[in-house]
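Enquirer: No sequence on hand, only this structure:
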């Protein structure tokens, strides 16, 4: 554990919670690949429950059937969401980040009820979110922005949030000290070398449509999905809790995109996968729009009463809701089908290793682009291949690295290059 914390505090741009949990998990249950992926699957399943609990607030407090329906819709749409499923299959911290972001948002809304232990529970959830990934720091920021935007109506909640944020900061402060080299001096891509608008666009398209579609098809699917997101933003609130949740969801969605972009103008740390932190609010806003479609019947019934007619408009609302579900689930079915049937093969480390094993020649070598992939390489590769992690240091020493590459070319007839965080290690 001491070695793991030292590596995370000095050479790996991620907080310690997921690696520590995974290390303990593997010690208990073994190092098989399926075992290593299970924690992410559990976090994905738990995210469905969190989404359902949040979705229940889309209905009026006295509308029990509406609350049940909204909870079911939110849980269903998260359960079939391709991005949520994608990261629930990976032995990485991204689904854990998404879960704790959702849990902290749920606990934020419960701060209003002044339940005993609410401040500590929210603080722990926030610390876990930021301890899963540094983009988790944007979640409490988004909460604060949402509360401030509500003005005096949320004065009590603002005070409680501030106390909770101080507690969470105190819990997180020791890690900031240990990882001060990462916070203040970690070498990443240089300003101006990363196309930030392209990453933002790609992140939105992929969060809305998934990775396993071609770009043009993904843009078309994301356009339809985005229409539901916008509808979820503008549908009138049915209660004060719903109004607060809508504000929080919009802020939670936008803050990582916008603040991450602004930070990356000075210190590029912007990637599509980091923005998984905004996945749940996107899906929840879609669920809010679909839940509202079922309410068309109520509004239309009021209009028909004024006109003195009683058409079967409740059926219209049900049909609108079911049609909305069919569209959203249909958008998810395509990318899921592509993965399940093998039409789209995920770019996973074990896939690349299997390809290399099948075609590797005795005179070949392996070049690792960056040293941070060494644990992955060591996990999957059992062969005693000649292996060269380059560059040895960052920023890249061009003469030294060139000399090493020429030496490799002299000794070997071919090389397999594993590219990993290329913009960080070899931006040019």
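Expert: Perfect, I can see it now. Because the structure is predicted, anything quoted here is derived from the model rather than measured. Numbers count the residues shown, from 1 in each chain.

Enquirer: Tell me where the model's unsure across the chain.
Expert: Along the chain, the model assigns pLDDT under 70 to residues 11, 187, 297-313.

Enquirer: From residue 211, how far out is the residue most central in space within it?
Expert: Closest residue to the average C-alpha location of the chain: residue 276 at 1.7 Å, with CA atoms, centre = their mean. Taking CB to CB, to the nearest Å as the measure, residue 276 falls 12 Å from residue 211. Every residue, glycine included, has its C-beta placed from N, CA and C.

Enquirer: The stretch 301-428 of the chain: helices as residue ranges?
Expert: With helices called from DSSP state H, counting those that start in this stretch, the stretch 301-428 of the chain shows them at 313-340, 349-359, 374-380, 398-411, 422-425.

Enquirer: Return the most buried member of those helices.
Expert: Stretch with highest mean neighbour count among those: helix 422-425 (a mean of 18; mean count of other CB atoms under 10 Å).

Enquirer: can you list the residues that contact that helix?
Expert: Helix 422-425 is contacted from outside by 187-189, 193-194, 268, 369-370, 391, 394, 396, using CB atoms under 8 Å, 6 or more residues apart in numbering.

Enquirer: one more time with 7 Å
Expert: 188-189, 193-194, 369-370, 391, 394, 396 (CB atoms under 7 Å, 6 or more residues apart in numbering).

Enquirer: Ok, stretch 112-124 next?
Expert: If you take CB under 7 Å, 6+ apart as the criterion, stretch 112-124 is touched by 104, 107-108, 110-111, 157, 160, 163-164, 167-168, 171.

Enquirer: Could you turn the buried ones of these into a PyMOL selection?
Expert: Typed into PyMOL, the line below selects the buried ones among those, using 16 or more other CB atoms under 10 Å:
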select buried, resi 104+107+108+111+157+160+164+167+168+171
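
Enquirer: now the contacts of stretch 112-124 in TSV, with distance to residue 336?
Expert: Below are the contacts of stretch 112-124 laid out as TSV (distance: CB to CB, whole Å):
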residue	distance to residue 336
104	28
107	31
108	31
110	33
111	36
157	38
160	40
163	43
164	37
167	40
168	36
171	38
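
Enquirer: want to throw the contacts of stretch 112-124 into TSV with distance to residue 331 and secondary structure?
Expert: Formatted as TSV, those follow (distance: CB to CB, whole Å; DSSP: H, G, I helix; E, B strand; the rest coil):
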residue	distance to residue 331	secondary structure
104	28	helix
107	30	helix
108	29	helix
110	32	helix
111	34	helix
157	35	helix
160	38	helix
163	41	helix
164	36	helix
167	40	helix
168	36	helix
171	39	helix
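
Enquirer: So of the contacts of stretch 112-124, which two are at opposite extremes in space?
Expert: Farthest-apart pair in the contacts of stretch 112-124 is 157 and 171; separation 20.6 Å (CB to CB).

Enquirer: of the contacts of stretch 112-124, closest to residue 138?
Expert: For the contacts of stretch 112-124, the nearest to residue 138 is residue 104 (11.4 Å; CB to CB).

Enquirer: what's the closest non-adjacent residue to the closest one?
Expert: Leaving aside its chain neighbours, residue 104 sits nearest to residue 125 (3.8 Å; criterion: CB to CB, 6 or more residues apart in numbering).

Enquirer: Show me the contacts of helix 422-425 that map onto strands.
Expert: Among the contacts of helix 422-425, the residues falling in strands (DSSP state E) are residue 369.

Enquirer: Buried subset of the contacts of helix 422-425 as a ChimeraX selection?
Expert: Only the buried entries of these go into this ChimeraX selection, using 16+ other CB under 10 Å:
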select :188,189,194,369,370,391,394,396
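
Enquirer: The contacts of helix 422-425: which two are farthest apart?
Expert: Maximum distance among the contacts of helix 422-425 (CB to CB): 18.4 Å, for 194 and 391.

Enquirer: For stretch 63-80, could you pull out the residues that count as buried?
Expert: Buried residues in stretch 63-80 (16+ other CB under 10 Å): 63, 66-67, 69-71, 73-80.

Enquirer: In JSON lines, list these along with distance to residue 222 and secondary structure.
Expert: Putting those into JSON lines (distance: CB to CB, whole Å; three-state DSSP) gives the following:
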{"residue": "63", "distance to residue 222": "32", "secondary structure": "coil"}
{"residue": "66", "distance to residue 222": "29", "secondary structure": "helix"}
{"residue": "67", "distance to residue 222": "29", "secondary structure": "helix"}
{"residue": "69", "distance to residue 222": "26", "secondary structure": "helix"}
{"residue": "70", "distance to residue 222": "24", "secondary structure": "helix"}
{"residue": "71", "distance to residue 222": "26", "secondary structure": "helix"}
{"residue": "73", "distance to residue 222": "20", "secondary structure": "helix"}
{"residue": "74", "distance to residue 222": "20", "secondary structure": "helix"}
{"residue": "75", "distance to residue 222": "22", "secondary structure": "helix"}
{"residue": "76", "distance to residue 222": "20", "secondary structure": "helix"}
{"residue": "77", "distance to residue 222": "15", "secondary structure": "helix"}
{"residue": "78", "distance to residue 222": "17", "secondary structure": "helix"}
{"residue": "79", "distance to residue 222": "20", "secondary structure": "helix"}
{"residue": "80", "distance to residue 222": "16", "secondary structure": "coil"}
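
Enquirer: re earlier: can you tell me which of the contacts of stretch 112-124 lies nearest to residue 218?
Expert: Minimum distance to residue 218 across these is 29.5 Å, recorded for residue 104 (CB to CB).

Enquirer: Verify the stated contact: that closest one with residue 131.
Expert: No - counting by CB atoms under 7 Å, residue 104 stays clear of residue 131, with 11.5 Å between them.

Enquirer: Could you check how far residue 69 is from residue 175?
Expert: Going from residue 69 to residue 175 by CB to CB gives 41 Å.

Enquirer: likewise residue 113?
Expert: Residue 113 is 30 Å from residue 175, by CB to CB.

Enquirer: ok, now residue 164?
Expert: As judged by CB to CB, residue 164 and residue 175 stand 18 Å apart.

Enquirer: same thing with residue 86?
Expert: 28 Å.

Enquirer: Then residue 244?
Expert: Applying CB to CB, the value for residue 244 to residue 175 is 30 Å.

Enquirer: now residue 109
Expert: Distance, residue 109 to residue 175, using CB to CB: 27 Å.

Enquirer: same check, this time on residue 239
Expert: Taking CB to CB, one finds residue 239 at 38 Å from residue 175.
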